[in-house]
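A.B. asks: 3D, please:
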Amino acid sequence: MADSAPSLAPRAGTIVRMAVATHAEGPLPTNGELARVFHEIGDLLEIKGELVFKTVAYHRAADAIAHSPVEVARAYRAGTPPRIPGVGKAISDKIAELATTGHLAFLERLHAEVPATLTEVLAIPGLGPKTVKLLWERLGITSLEGLRTALESGALRDAGGIGEKGEGAIRAGLDGLERRGTRMTLGDAERIVTGIVELLRDAPGLVSLTPAGSFRRRRETIGDLDLLAETDDPVALIERFTALAPVEHVIGAGTQKASVRLMRGPQVDLMTFPPGEAGTYLVHFTGSKEHNVRLRGIARDRGWSLSEKGFLRLGDDGEPARGAAAELRTFPTEADVYAFLGLAEVPPELREDRGEIEAAREGRLPRLVDDADLRGDCHAHSDWSDGVHTIERMAEAARARGYAYLVLTDHSQGLTIAHGLDPERVLAQRAIVRDLNQRFAAEEDAGTAPAATPAEGFRLVHGCELEIRADGALDFEPELLASFDLVVAALHQGRRQSRAQLTERVLGAIRSPHVDVIAHPAGRMLGERARDDLDLAWDELFAAAAETGTLLEIDGSDHRLDLAPERARRAVAAGCRLTIDSDAHRTEELAGIRWGVAQARRAWVEPAVVANTWSREALLAWVAGKPGRIP
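C.D. replies: Sure, this is the predicted structure:
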């Protein structure tokens, strides 16, 4: 049923059209109203069946307009249109028409072709544009009410392509439409947070604005967002926050806190506090709940009551002291808060009540791996398989990041959907890698390499993402595998096999002398039920990887984040070594490795066990030393 990813919030529909139409001779449309118009256009084009790139262009432009610090319509009417990411000439012309006339002929034509209320139907979780179009064309369903009526009468079963299972999915989607929660990837959450921070950064009296909650702890997926604002004018900041263009509606607003629902986005809570008192606010609103309960217990044992506002002295009766005995302690930093409790500061990623309190008390907190520890990236793709950018562009982007190496790991021939490389193409690609490395070396010798290039220089390492076939065989012959600098193996096919079969396939790769890394070992794709974690005998795999020296990957793609923290922690305890990689398919995705680092930090991982914190020479020596490897 899910023939397109559902939006995060209900469509605006005819409400948007009415709001904009009132501006023909009066006030200009706001950024929020403009954004709603272009989101609606994107929705209607989806239902019509337009090409995906066109519908995506309208949604991206809508998001950019909503987060623009400039009053877009005013600038257009003044003849000084601002530069907005994602807005080309076609969309720019439409903005100009709306700004000057209050109407948009293109949207009016779309309304003549597609009922505007269908955007409400498209908002149902799991219901994509193809299904919405089918319901409209075959059953005349153009609204949520019409869909409910069809469900009650059983009419949906008469529509080809729906069936009993599809009917159940639609019923569940309708039931959950109002109460559903949204879960975002870390990347999506970061984009939203960054946009809001940019819109508020010049607010009068604002000292700092910090994300908190599960996003700050870097949980794998995020629901609501929390922002902490250090300000000496909370009322003005809250007024500014609730009036932002991306806000769909205000849930509640007071003098110190406000909650809003974003257009096509999550709930965002803004909490304010006075300058100089950040410590307990950051601790409290970062959480987790379980971690905070432990901290409050320690505080009470020491004669204090702990809340976001600080520490209150307790009286003999166990209640906060009053009158002359009353005492409130606040602190500017989190480190001060933990020190007051006799603890070392706990990194946000560890605040889950999984042993961090005891480790902080006993001085056993690990020195967690950090972005700056990484010397390279062991998993990236180019346009030779399913990547977007050329080998040279990927290499130059990695070089600009200050890496000593990037392992090029295009898919092998068995993954035909990803245009995997056959042996002949492997050799042709290797020649390009050789030529690029010669150029890099020459530039380093001549002193013309980018300033970020490390002392050991940058080299492209030739590898592949080797398919573990459904019968357990590896996709290339041993002689070809031995010629790669580093081999990453992965299981994409035959995922429905039994636990024993799946485990044996992965064990076969781990035991191969020519497989150096197991990529995204659980094969997970967050939020996709069809790509739930593989059912594997994990302890067997960890033991084999530790014995053979095969590295296990933490995939930094925020859609994967695989290994999960609890598995990564068990793997390290079993003696395994890891890599943290981006699995980048375009240059900008190289930066996604930071989500893998966050995942490793949540797993208590230290730099020494992460192979790509080692030098290029040390990594390749580890690979060459794998037992049984053909020299």
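
A.B. asks: For the nearest residue to residue 129 once chain neighbours are set aside, which three-state class applies?
C.D. replies: Of all residues not flanking residue 129 in the chain, residue 46 sits nearest, at 4.0 Å (Cβ to Cβ, 6 or more residues apart in numbering). The C-beta positions use only the backbone N, C-alpha and C, and glycine is treated the same way. When classified by DSSP: H, G, I helix; E, B strand; the rest coil, residue 46 comes out as helix.

A.B. asks: Now do the helices in the stretch 451-600 of the chain.
C.D. replies: In the stretch 451-600 of the chain, the helices defined using DSSP state H, counting those that start in this stretch lie at 478-482, 499-511, 538-548, 565-573, 593-602.

A.B. asks: and residue 62, which of the ones you listed is closest to it?
C.D. replies: Closest of the helices of the stretch 451-600 of the chain to residue 62 is helix 593-602, at 25.5 Å (criterion: Cβ to Cβ).

A.B. asks: And the contacts of that closest one?
C.D. replies: Contact with helix 593-602 is made by 186-187, 217-218, 220, 347, 349-350, 352, 368-371, 374, 377, 554-558, 561, 563-565, 568, 578, 580-582, 584, 610, as judged by Cβ atoms under 8 Å, 6 or more residues apart in numbering.

A.B. asks: For residue 417, give me its contacts.
C.D. replies: Neighbours of residue 417 in contact, by Cβ under 8 Å, 6+ apart: residue 386.

A.B. asks: Find me the pLDDT at it, would you?
C.D. replies: In this model, residue 417 is scored at 89, pLDDT.

A.B. asks: Could you tell me whether it really is in a helix?
C.D. replies: Yes - using three-state DSSP, the assignment for residue 417 is a helix.

A.B. asks: Would you mind measuring from the residue of the chain most remote from its centre to residue 309?
C.D. replies: Here the chain reaches farthest from its C-alpha mean at residue 324, the gap being 50.4 Å by Cα atoms, centre = their mean. From residue 324 across to residue 309, the span is 20 Å (Cβ to Cβ, to the nearest Å).

A.B. asks: and the longest strand that the chain contains with helix 499-511, angle?
C.D. replies: As assigned by DSSP state E, the longest strand anywhere in the chain is strand 459-467. Strand 459-467 and helix 499-511 are oriented at 150 degrees to each other (axes from the mean of the first three to the mean of the last three Cα atoms, to 10 degrees).

A.B. asks: For strand 459-467, which helices and strands make contact with it?
C.D. replies: If contacts are counted by 3 or more Cβ pairs under 8 Å, 6 or more residues apart in numbering; DSSP states H and E, strand 459-467 sits against strand 376-380, strand 405-408, helix 423-446, strand 486-490, helix 616-624.

A.B. asks: Can you give me the distance of the residue lying closest to residue 290 once chain neighbours are set aside to residue 436?
C.D. replies: Closest residue to residue 290 apart from its sequence neighbours, by Cβ to Cβ, 6+ apart: residue 353 at 3.7 Å. Going from residue 353 to residue 436 by Cβ to Cβ gives 48 Å.

A.B. asks: Of these two, which one has the most company?
C.D. replies: A side-by-side neighbour count of residue 353 and residue 436, using other Cβ atoms under 10 Å, places residue 436 first with 19 against 15.

A.B. asks: And for the closest residue to residue 303 other than its chain neighbours, the neighbour number?
C.D. replies: Spatially, and ignoring its direct neighbours in sequence, residue 303 is nearest to residue 314 (5.2 Å; Cβ to Cβ, 6+ apart). Neighbour count for residue 314, taken as other Cβ under 10 Å: 18.

A.B. asks: distance of residue 314 from residue 361?
C.D. replies: Distance, residue 314 to residue 361, using Cβ to Cβ: 21 Å.

A.B. asks: Which SSE is immediately downstream of the helix or strand encompassing residue 249?
C.D. replies: Using DSSP states H and E, residue 249 falls within strand 247-253. Going down the chain from strand 247-253, the next helix or strand is strand 257-262, by DSSP H and E.

A.B. asks: Show me what that following strand is packed against.
C.D. replies: helix 234-242, strand 247-253, strand 267-273.

A.B. asks: shouldn't residue 481 be in contact with residue 514?
C.D. replies: Yes - at 3.7 Å, residue 481 counts as touching residue 514 under the criterion of Cβ atoms under 8 Å.

A.B. asks: Quick check: chain neighbours aside, which residue is closest to residue 625?
C.D. replies: In space, residue 625 is closest to residue 549, 7.2 Å off (Cβ to Cβ, 6+ apart).

A.B. asks: quick one, what contacts the one you found?
C.D. replies: Here residue 549 is in contact with 577, 622, 625-627 (criterion: Cβ under 8 Å, 6+ apart).

A.B. asks: same deal with residue 274?
C.D. replies: Contacts of residue 274 by Cβ under 8 Å, 6+ apart are 230-232.
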